[in-house]
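>>> From the sequence below, what's the structure:
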Amino acid sequence: MKEKGNKRREWVKTAAIIFLAVMLVLTFFSNTIMNYSLPEVATQYVMSDTITARIRGTGTVESGDPYNVEIKESRKVASVAVKVGDEVQKGDVLLYLDGMESDELKAAQDALEEKEKLLQDARDQYNAALLNPDISAEDIQAANGNISAAAYRQQITAAQKNIQPLEDQKKELEKQIADIDAQLTYETDLDAAAGTSVTAAESQLETTRSALEGANAAFQAAKANLDAANRELQQQTVSGNDTGAAKEKVAACQAAYTAAEANQNSAQTAYNNAVNTYNSAVANQKAREGSQTSSNLSKQKALLQVELYSVQKNLDDATKALEELVSLVTDKQSLDVLQMQIALAQRDVDEAREEVDTLLEKAQGTTVTADISGTVTAVNVTAGNTTSPGNPLVVLQPEGKGYTMSFTVTNDQARKLAVGDRADLVNAWRYDDVEVTLASKRPDPNSPGQNTLLTFDVTGLVTPGQSLSITVGQQSGNYDLVVPNSAIREDSNGKFILIVESRSTPIGTRYIATRVDVQVLASDDTKSAVSGGLYGYEYVITTATKPVDAGQQVRLTNN
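Next up is the predicted model:
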């Protein structure tokens, strides 16, 4: 029994020792175990530093003073002679138009024909009234006692028959002359187009000639390199040396030779095509110069004008003869009303004819040319389109004029900028000689109370429609309290940072995240100047492995 009691005491003693040992281990390592469950945070000092406040933005390059090329007619486009990016001189052809008359001119001519028909109807009514039996022989004889009523009416009928053929003949002659005028304009435009084609072909010929010379030189250089590489390989083979590197060099030179040969062939083909185009353009120009078409048309027009003058004189005489006969009985009231209708119809015809004459005088030829020198920034039509008055066909950037771009910022950001501030391009190495300067600040039309629209002048090698990203800002300033941008947080109460405060405990130092409300004074790409309850050199939390709240215990990185 005694031995059994001793064994029991021994077991209790051993269990107590194990328990105490475990408790001792847990006591010593409890801090370490707890630390592994805490968020691990990275910190930096709050310190003084320099801040250059910058504002970032992206805008689209636009023409600063665009020139819209328009015509005041609805015409069908035959072909487009330019593309975006082309530089043109004053007088260069931009578009070729169909030789047909405009929709506006056609409508005006139709209106004129309709009003002439109404005038003729009024005259016919008047003439018919003259032949009306209600006008008694006494009335006619009272007006002119030397002629009987029957004879008078016969004279009226004969006079009417004389006028209509002359009017028809006059209308046909005017149409023939208008057709010749249109053809003369077309021939003149063809002469101008022939000269333009020669100039363009000559320029293309010179470009392809230079390209061919460059391709020939590159081919000869590649051939020389290949020959040298082959000689080197042969020497290495004869000497019994390792030929691996020499073979690789031969292969590379062979590839370069093949590419240079293909480029040479392509350049030769392009040059040959340019020669053919140039020769064709020159031949066409000479053919135009030797053509008698314009001279023949001018002669035809002169003959038709002489004939028209004769017809007009005969028509005037016939009309005057009729008017003299009509004047015999113009005192009758019914005839007075009809005469008033004729006068009104004649006024409408005169106005319609004036409209046609104006459109003919201002009619666009078969080409649209540049009124100024500049760069083509937009082409809004293609072959087959119909133009619309007031809509720009081509947009030109005037020579010597700059470009603009704009974007919106907050009013607070805008207050930090001044007109004349120079902006820096993001990835400036990609651009050649491009300068961007703040030109104006004005309220954003979409949110005038909150945002400001910044407009910049852009100079250098840019094109309309190109997107540019820039930074612009005030001069550098020194601030006492500067923190990384990653340290700044924000909630419904405003912006704040979390700093780390240390607290000593019996089992070690604990680190607590503490909130400090701040106001951001200035910022750049990486850091911000702040004001708040700080003295400087506090540890501010920049990143954490887990979300961190104010008052929460944290673990420092590498701690």
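>>> could you pull out the helices for the stretch 251-400 of the chain?
Using DSSP state H, counting those that start in this stretch, the helices of the stretch 251-400 of the chain run over residues 293-326, 333-361.
>>> What separation do you get for residue 478 and residue 155?
111 Å (C-beta to C-beta, to the nearest Å). From N, CA and C alone the C-beta is placed, and that goes for glycine too.
>>> Contact partners for residue 83?
Residues in contact with residue 83, defined by C-beta atoms under 8 Å, 6 or more residues apart in numbering, are 376, 379.
>>> Quick check: phi and psi at it.
Reported as degrees, to the nearest 10, the phi and psi values for residue 83 are phi -140, psi 170.
>>> Over to residue 384?
Torsion angles, degrees, to the nearest 10, at residue 384: phi 100, psi -20.
>>> Can you verify my assumption that residue 413 contacts residue 55?
Yes: with contact defined as C-beta atoms under 8 Å, residue 413 reaches residue 55; the gap is 5.0 Å.
>>> before we move on, back to that, which of residue 478 and residue 155 has more neighbours?
residue 155 (16 against 10; other C-beta atoms under 10 Å).
>>> give me the element that one is part of.
helix 149-239 (DSSP states H and E).
>>> At the geometric centre of this protein, which residue sits there?
residue 378 (4.9 Å; C-alpha atoms, centre = their mean).
>>> ok, it - contacts?
84, 392, 394-395, 464.
>>> Quick one, grab the pLDDT at it.
pLDDT for residue 378: 81.
>>> Can you name the residues bridging to it?
residue 395 (DSSP bridges).
>>> any idea how far residue 212 is from it?
Distance from residue 378 to residue 212, by C-beta to C-beta: 34 Å.
>>> One more: residue 401?
Residue 401 is 37 Å from residue 212, by C-beta to C-beta.
>>> ok, the two, which is more surrounded?
Remark: of residue 401 and residue 212, residue 212 carries more neighbours, 20 against 16, as counted by other C-beta under 10 Å.
>>> so that one touches residue 265, yeah?
No: Residue 212 is not in contact with residue 265 according to C-beta under 8 Å; the separation is 10.3 Å.
>>> Reformat the contacts of residue 378 into TSV and put pLDDT, distance to residue 14 and neighbour count next to each item.
TSV is the format used below for these (pLDDT from 0 to 100; distance: C-beta to C-beta, whole Å; neighbours: other C-beta atoms under 10 Å):
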residue	pLDDT	distance to residue 14	neighbour count
84	81	94	14
392	85	102	17
394	85	103	24
395	84	98	19
464	78	91	21
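>>> which residues of the stretch 51-200 of the chain score low on pLDDT?
64, 98-103, 127-154, 191, 194-195 (pLDDT under 70).
>>> now with 80?
52-54, 63-66, 71-79, 85, 96-109, 112, 121-164, 166, 180-200 (pLDDT under 80).
>>> Over to the stretch 401-550 of the chain?
401-402, 412-413, 416, 427-432, 448-449, 460-465, 473-477, 505-508, 522-525.
>>> For it, just list every one of the strands.
403-410, 422-425, 435-443, 451-459, 467-473, 477-484, 489-491, 494-505, 508-523, 527-532, 539-544 (DSSP state E, counting those that start in this stretch).
>>> right, so of these, which gets closest to residue 77?
Among those, the nearest to residue 77 by C-beta to C-beta is strand 403-410 (27.5 Å).
>>> What helices and strands are in contact with the closest one?
Contacts defined by 3 or more C-beta pairs under 8 Å, 6 or more residues apart in numbering; DSSP states H and E place strand 403-410 against strand 54-60, strand 62-63, strand 451-459.
>>> quick one: which of those strands is nearest residue 272?
When the helices and strands packed on strand 403-410 are compared by C-beta to C-beta, strand 62-63 sits nearest residue 272, at 38.8 Å.
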